[in-house]
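[1] okay, predicted coordinates and the sequence, questions at the end:
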Amino acid sequence: MNAVRGYEVARFSRTFRWPKATLFDFDSLDFDPEEVQALSSGRFGMANFLLINAGVTHPHRPWLDRLAGGGPMVLPITISMGATGLGKGVMARIVRAPSDEPKFSARLLTLVAIYSCSNVRDAQLEPLLGKASATEC
């Protein structure tokens, strides 16, 4: 995390006191909820909720692995809009089975246009997502 963003996160955290939530700012590939929880509380565990706020082609495996049973993850699944750095697609809600098994359910929430997450994009998935988005349901 760079110093300016770190300052902004710290300032935001002081302004809005959430006793049961901790705000972190990480690069998507560096983010591991287990490590974050250790940083914030001194113990390891699972993430109860994840909000990903940049478009990806797929959920990053460590995010799924660290999601607690019954915990939701909300993320934009997008295709690139050229060299703009933006993507368009759907906001999805993925929920891990309550038993902590690696079983998930998903549903689409809404359409979205958002900045792309350059680190969690698979060029081979882009055409498949484009084809799926052009298909009528």
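    Yep, it's here.
[2] now residue 108. Nearest residue, chain neighbours left out?
    Closest residue to residue 108 apart from its sequence neighbours, by CB to CB, 6 or more residues apart in numbering: residue 90 at 4.8 Å. Glycine gets a C-beta too; all of them are placed from N, C-alpha and C.
[3] who does the helix or strand where the one you found lies pair up with?
    Here residue 90, judged by DSSP states H and E, is contained in strand 86-96. Strand pairing for strand 86-96, determined by DSSP bridges: strand 72-80 (antiparallel), strand 104-115 (antiparallel).
[4] so what touches stretch 90-98?
    59, 64, 67-78, 102-112, 133 (CB atoms under 8 Å, 6 or more residues apart in numbering).
[5] of the residues you listed, grab the buried ones for ChimeraX.
    Restricted to buried positions by 16 or more other CB atoms under 10 Å, the ChimeraX selection for the contacts of stretch 90-98 reads:
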select :59,67,68,71,72,73,75,76,77,78,112
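[6] in the strand holding residue 90, what's buried?
    87-92, 94-96.
[7] go through those and name the one nearest residue 48.
    residue 96 (10.3 Å; CB to CB).
[8] just for the protein, where's the confidence low?
    1-45, 100, 136-137 (pLDDT under 70).
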